[in-house]
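K.L.:
Curious how this folds, go ahead:
(one chain, ligands or ions: 2)
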Amino acid sequence: RREEFAAIRDKPAETTDGHRVTLMVNAGLAEDAANLDAVGAEGIGLFRTEFQFLVAATLPGRESQYKLYKEVLDAAGDKPVVFRTLDIGGDKALPYLQDEKDEAENPAMGWRALRLSLDRQALMKAQARALLEAAGGRHLRVMFPMVSEPWEYEEARSLFEEQVEWLRKRKRMLPMVTEYGCMLEVPSLAETLDMILPRLDFLSIGTNDLTQFLFAADRAEPRLAERYDWLSPAILRFLRRIARQAKEADVPVRICGEMGGRTLEAMALIGIGIENFSITPAAMGPIKAMVRSLDAGAITAEMDRLLADPPRDLRKSLTGWAKRHEI
Ligand code: PEP
Ligand code: MG
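P.N.:
Ligands and ions are numbered 1, 2, ... in the order given. As a prediction, this is how the structure comes out:
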């Protein structure tokens, strides 16, 4: 199969009935950006900026953040990179930033990600400046993690826009275009999505956290790892609703959780109207091969049928369907 994946590396991820799917990768290191061509990815759909913080012994300053972001953008060249602002806390604890009192019993639902950034604005301002300056003269794409309510997105975006003004006054080079988006990984945002869709350049669904919150099941608890299936009516109906709503508002949607990197799951996601994926680089070959053998119209009809009256075992039904259609 390795040769098979190599043979399609430079071919488009297009279904047999001509639907174009975008495949990008999740990343956290400068090397990932340098490897985009080698893995056949169209860009970085999720750059986890917290990686740099997690491997450092002390808080990385604005200069070192700037250096990393510039290096990533230089290496990616014309390919898009979506930088996610710090997602610290939860499963990504930072000893030098959080103390014992932050070791809550439910860290995933705790003081993390954008919540922490909005409370520690100096941290977020430094990151905003580093990103804006690194993308001077280029295209900057930023997204915010764990947005639970619209005002959090607005506040984060304003903070960036203030930094833009600051730089403009000093006649510094600004990004040519800045796109703002948010992650949908907290279910509450789904209920207020209409309030921010007009303000979003894109939406990125983080299925790792979203699943844990939808099912109330800790993503780090091994005894629950097999219990709830991504191929469940609850998740797929939820995602289909989001995808439709965003499409109506003309806002592109991308899946950036691990779910998108699994063949059967990605097939089902295409069947509910999702066309953009950011996946782990190792999944690139298998997912592209699946897309190139898939009839998008047929899987859409099948997903409509399955979600209208779900069988007991959706995974089994989809496995059978994929086999019959030689996916
Ligand atoms: C997610 O939650 O699905 C996601 C992509 O973010 P992370 O895994 O970094 O929390
Ligand atoms: Mg997440």
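K.L.:
so Lys70 touches Ala134, yeah?
P.N.:
Yes: using Cβ atoms under 8 Å, Lys70 is in contact with Ala134, at 4.1 Å. Quick note: C-beta positions are derived from backbone N, CA and C, even for glycine.
K.L.:
contacting residues around stretch 90-100?
P.N.:
If you take Cβ atoms under 8 Å, 6 or more residues apart in numbering as the criterion, stretch 90-100 is touched by 50, 53-54, 57-59, 88-89, 102-103, 107-108, 110-113, 116, 120, 219-220.
K.L.:
Briefly note if that stretch comes near ligand 1.
P.N.:
No: using Cβ under 6 Å from any ligand atom, stretch 90-100 never reaches ligand 1; the gap is at least 7.2 Å.
K.L.:
Determine how far that stretch lies from the middle of the whole chain.
P.N.:
22 Å (Cα atoms, centre = their mean, to the nearest Å).
K.L.:
Enumerate the positions of that stretch that are buried.
P.N.:
Buried residues in stretch 90-100, counted by 16 or more other Cβ atoms under 10 Å: 90, 92, 94, 97-98.
K.L.:
Number of residues surrounding the residue of the stretch 51-200 of the chain found nearest ligand 2?
P.N.:
Of the residues in the stretch 51-200 of the chain, the one nearest ligand 2 is Glu185, at a distance of 4.7 Å by Cβ to the ion. Glu185 has 25 neighbouring residues, counting by other Cβ atoms under 10 Å.
K.L.:
When Lys70 and Ala134 are compared, which one has more neighbours?
P.N.:
With neighbours defined as other Cβ under 10 Å, Lys70 and Ala134 compare such that Ala134 has more, 21 against 18.
K.L.:
Make sure the more buried one is actually in contact with Tyr66.
P.N.:
Yes: between Ala134 and Tyr66 there is a contact at 5.2 Å, judged by Cβ under 8 Å.
K.L.:
so where's the protein uncertain?
P.N.:
The chain contains residues with pLDDT under 70 at 98-104.
K.L.:
Sheet partners, orientation included, of the strand ranked longest in it?
P.N.:
Identified as the longest strand of the chain according to DSSP state E is strand 177-184. Its sheet considered, strand 177-184 pairs with strand 139-144 (parallel), strand 202-205 (parallel) by DSSP bridges.
K.L.:
near ligand 2, which residues of the chain?
P.N.:
Residues of the chain lying near ligand 2 by Cβ under 5 Å from the ion: 185, 206, 209.
K.L.:
how close does the first one sit to Met267?
P.N.:
When distance is defined by Cβ to Cβ, to the nearest Å, Glu185 is 22 Å away from Met267.
K.L.:
One more: Pro311?
P.N.:
On the measure of Cβ to Cβ, Pro311 and Met267 end up 16 Å apart.
K.L.:
Who has more neighbours out of those two?
P.N.:
Met267 (24 against 12).
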